[in-house]
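# generate coordinates for the sequence data below:
(one chain, ligands or ions: 1)
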Amino acid sequence: RRHTYRYYLAVIVLRSSRPGEAARAAELMNRIPRPVPIINAGSGQDQHPTQALLDIYTLDRSFEEQGGIDGKVIGLMGDLKRGRTVRSLCYLMKNYRNVRLVLIAEQFALEPDIKAHLKENNIPFVDQARLTDVLPTLDAVYVTRMQSEWDTAGETRQINYADYSITPENLQRMKKTAVIMHPLPRGPEIAPAVDDDPRAVYWRQERNGMWMRVAIL
Ligand code: ASP
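Modelled structure (predicted):
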């Protein structure tokens with residue numbers, strides 16, 4: 001089979017706090033005679049596709065000796081409403097079989113459009129789970145920070161971090177093979193003492209991020 005490769009003189013890497021910006025830029029670029037590809041490096045509260053790819057890569061490598069991502073129970077915790085990384089990660093879950101998601105967020109719950117996407121693709125999820133109840137069942141817990149930059153009236157201050165954080169105490173209740181992930185930057189939701197636990201893979205995840213972006217470029 002013959003492959004045709006297309007070479008570009010430039011790409012635009014676009015990271016923006018405005019929603020839909022990368023998609024709009026890509027539409028514009030598609031209309032010019034020599035289109036310039038847009039890499040969405042995070043747009044508004046909506047999407048962060050390169051992060052999702054590195055997250056999937058990290059999950060895949062972490063479960064290499066446990067049959068891969070298929071059949072795993074993945075907890076998504078923190079600010080699922082205003083954070084973009086979990087939204088993009090949810091889109092990729094349809095590529096795996098029998099994955100179950102556990103959403104650990106109440107005030108900042110995942111938006112209905114992503115829940116609808118999960119339903120359409122038959123990806124089961126438990127909504128508004130409590131960390132203490134579900135921790136022993138999780139194969140991975142993807143922790144996110146409170147996106148306080150979007151607060152309009154100090155909403156983040158109402159959060160009880162005890163319900164949304166990984167500490168040395170609750171490490172004891174996790175599976176030995178589980179992994180703890182975080183898209184960074186880290187806030188109070190993961191105690192620094194957790195860093196030394198072999199299940200904490202967020203620094204490796206960060207390094208995977210560099211390689212994933214190298215690959216994309
Ligand atoms: N670094 C990630 C982002 O750009 C996660 C975060 O900021 O919480 O969305």
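
# please count neighbours and contacts with C-alpha atoms only from this point.
OK.

# now for the strand or helix carrying residue 92, which elements pack on it?
Using DSSP states H and E, residue 92 falls within helix 85-92. If you count contacts as 3 or more CA pairs under 8 Å, 6 or more residues apart in numbering; DSSP states H and E, helix 85-92 packs onto helix 49-62, helix 112-120.

# quick check: mean pLDDT of the shortest one?
With pLDDT averaged residue by residue, helix 112-120 scores 98.

# which other helices and strands contact that helix?
Using 3+ CA pairs under 8 Å, 6+ apart, helix 112-120 is in contact with helix 85-92.

# any idea which helix or strand comes after the one helix or strand in the chain whose mean pLDDT sits lowest?
Here the helix or strand of the chain ranked lowest by mean pLDDT, DSSP states H and E is helix 21-30, holding a mean of 93. As assigned by DSSP H and E, the chain's next helix or strand after helix 21-30 is strand 38-43.

# and that next one, how far out from the chain middle?
Its chain's C-alpha centre and that of strand 38-43 lie 15 Å apart, by CA atoms, centre = their mean, to the nearest Å.

# and if you look at stretch 164-171?
With CA atoms, centre = their mean, you get 19 Å for stretch 164-171.

# for residue 114, which non-adjacent residue is spatially closest?
Excluding the flanking residues, the one nearest residue 114 by CA to CA, 6 or more residues apart in numbering is residue 87, at 6.5 Å.

# returning to what we had before: adding distance to the ligand and mean neighbour count, write the helices and strands packed on helix 85-92 out as TSV.
Below are these laid out as TSV (distance: least, CA to the nearest ligand atom, whole Å; neighbours: other CA atoms under 10 Å):
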stretch	distance to the ligand	mean neighbour count
helix 49-62	7	20
helix 112-120	16	13
